[in-house]
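Asker: Kindly generate the corresponding structure for this input.
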Amino acid sequence: MKERHLIEVLKETRLTRREFLKLLFLVLGGTMFFNKEVLNFLEWLNYFIYESAKNVIKKENLQFEELGINSPFIYLRSEKEWEEYVDILKKLKEMFKIERFRIRLFISDDFEKGLGEYNQEILEKILNFYNFLKQKDIDFVLEIDLIDCYSIGNSLKPNLVYGTNPPTSSYNPTKDLEGYHQFFINDELKERFISRAKAILSFLKQHFEDKELIISIANEPEPPVENLEEKRRILNEWYQFVLNNIKGILSDKWKLVAGVKNPDFLSPDIYNQGITPTLHLYPFEFSPSTLESWLKKYPNIYIQELGVPYRIFNLHNPLERQIAKALIEAVKGNPISLWKLDFYEDGFRIPFIRN
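Answerer: Numbering: from 1, shown residues only. Okay, here's the model as predicted:
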């Protein structure tokens, strides 16, 4: 397509006046701060406009044999909320001809409020949630993260329990970056994590040994060092240590996925041990060209998180649907999990759902 002035293309795109002005102000404002995020934003915007977002999304054009849904703490909710959750899944199933869901859960910080102090009730709640879903007309597989590293790297985690601000993870008692760094290199903390992982996996094996299950090693582990090679070295050593200690517990029916947000964080040596590469894709963190290179480099990559930040745009249909459509088309049929469907606010939601 012959390139035209961005303003002309935006005017011809099916946007309301408000949507057009908001996008325009984002672009013009962004040029005042010329950095990587702005460059990624402009490249994605070009992708939305020229490649995918000229027409309002039609639900019949988005059909999935399997669709992943990130619902990190849904198992901690009430049964009434579970009923609402099932209703939404059924609507999605009907809208997009979904044959099976992949439902991703995090082991919450309440499981281990103190190092080595395990709250078995958290695991029982996951089992109760699983049994509840099995009674409904929903075909699904569970994906479970052994730990959520977000809470280790942040001093507060407001989304652990809806409406509360619990303390950070017990793996970072100093609540700073050095404490987070120690999680990956301190021998005692590494052994503590292995004990945690074994406690979780032993419970899961007791109840799910003959069932399909996806185990995500950790959610977004990332040593807080600037140098990429040093970051990779630390993370690869940590993953190898974890794999050496948990492989004997895993069921043959289970699948391992990495949980990293950037697939380049891990080496082929790790992926060659039966771990699926993962990517957490949010607009403007990575450019379309970077995404394309990853899809070629890792043909079996799993888009573990695909998010559309509605608070950034504060827009309604049709643009949210256009962006979602563009992102889904960009990953070229690789397995994806949308972020998120759960009863707390973090600035992201599945943009298809409208009353």
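
Asker: list the contacts for E191?
Answerer: By Cβ atoms under 8 Å, 6 or more residues apart in numbering, the contact list for E191 is empty. (Glycine included, C-beta is placed from N, CA and C.)

Asker: for it, phi and psi?
Answerer: Backbone geometry at E191, expressed as degrees, to the nearest 10, gives phi -70, psi -40.

Asker: so what pLDDT did it get?
Answerer: Model confidence at E191, given as pLDDT, is 97.

Asker: Over to N219?
Answerer: Here the pLDDT value assigned to N219 is 96.

Asker: right, and it touches I147 too?
Answerer: Yes. Using Cβ atoms under 8 Å, N219 makes contact with I147 at a distance of 7.1 Å.

Asker: Please enumerate the shared neighbours of these two.
Answerer: F106.

Asker: Pull the number of nearby residues for G248.
Answerer: When neighbours are counted by other Cβ atoms under 10 Å, G248 registers 8.

Asker: Distance of it relative to A330?
Answerer: Distance, G248 to A330, by Cβ to Cβ, to the nearest Å: 39 Å.

Asker: what are the ranges of the helices in the stretch 201-350 of the chain?
Answerer: Secondary structure of the stretch 201-350 of the chain (DSSP state H, counting those that start in this stretch): helices located at 228-246, 268-271, 288-297, 310-313, 319-330.

Asker: Among those helices, show me which one is buried the most.
Answerer: helix 319-330 (a mean of 22; mean count of other Cβ atoms under 10 Å).

Asker: now the strands for the stretch 251-355 of the chain?
Answerer: 254-257, 275-276, 278-281, 302-307, 336-339 (DSSP state E, counting those that start in this stretch).

Asker: Quick one: closest of these to I88.
Answerer: Closest to I88 of the strands of the stretch 251-355 of the chain, according to Cβ to Cβ: strand 336-339, at 11.6 Å.

Asker: got the CA coordinates for that closest one in PDB?
Answerer: This file holds the C-alpha atoms of strand 336-339, laid out as PDB (Å, rounded to 0.1, in the frame of the first residue of the first chain):
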ATOM      1  CA  ILE A 336      -2.800 -17.100  23.200                       C
ATOM      2  CA  SER A 337      -4.200 -16.300  26.600                       C
ATOM      3  CA  LEU A 338      -6.000 -13.000  27.000                       C
ATOM      4  CA  TRP A 339      -5.300 -10.800  30.000                       C
END
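
Asker: quick one: average pLDDT of it?
Answerer: Here the average pLDDT along strand 336-339 is 89.

Asker: who touches that strand?
Answerer: Here strand 336-339 has contacts from 67-70, 102, 104, 143, 280, 282, 302-307, 328, 348, 350, using Cβ under 8 Å, 6+ apart.

Asker: One more pass at 6 Å, please.
Answerer: For strand 336-339, contacts defined as Cβ atoms under 6 Å, 6 or more residues apart in numbering pick out 68-70, 104, 303-307, 348, 350.

Asker: Stretch 207-224 too?
Answerer: Stretch 207-224 is contacted from outside by 127, 141-143, 145, 147-149, 177, 180-181, 184, 231, 234-235, 251, 253-257, 259, 261, using Cβ under 6 Å, 6+ apart.

Asker: quick one: buried residues of that stretch?
Answerer: Going by neighbour count (16 or more other Cβ atoms under 10 Å), the buried part of stretch 207-224 is 208, 213-224.

Asker: what's the answer for stretch 125-142, then?
Answerer: Across stretch 125-142, burial judged by 16+ other Cβ under 10 Å covers 125-126, 129-130, 133, 138, 140-142.

Asker: which residues touch S202?
Answerer: Contacts of S202 by Cβ under 6 Å, 6+ apart: none found.

Asker: One more pass at 8 Å, please.
Answerer: Neighbours of S202 in contact, by Cβ under 8 Å, 6+ apart: I249.

Asker: repeat for the one 3 residues further on
Answerer: Applying Cβ under 8 Å, 6+ apart to K205 gives the contacts 249-251.

Asker: Buried only: go through those residues for me.
Answerer: For the contacts of K205, a burial check counting by 16+ other Cβ under 10 Å picks out 250-251.

Asker: Sounds good, over and out.
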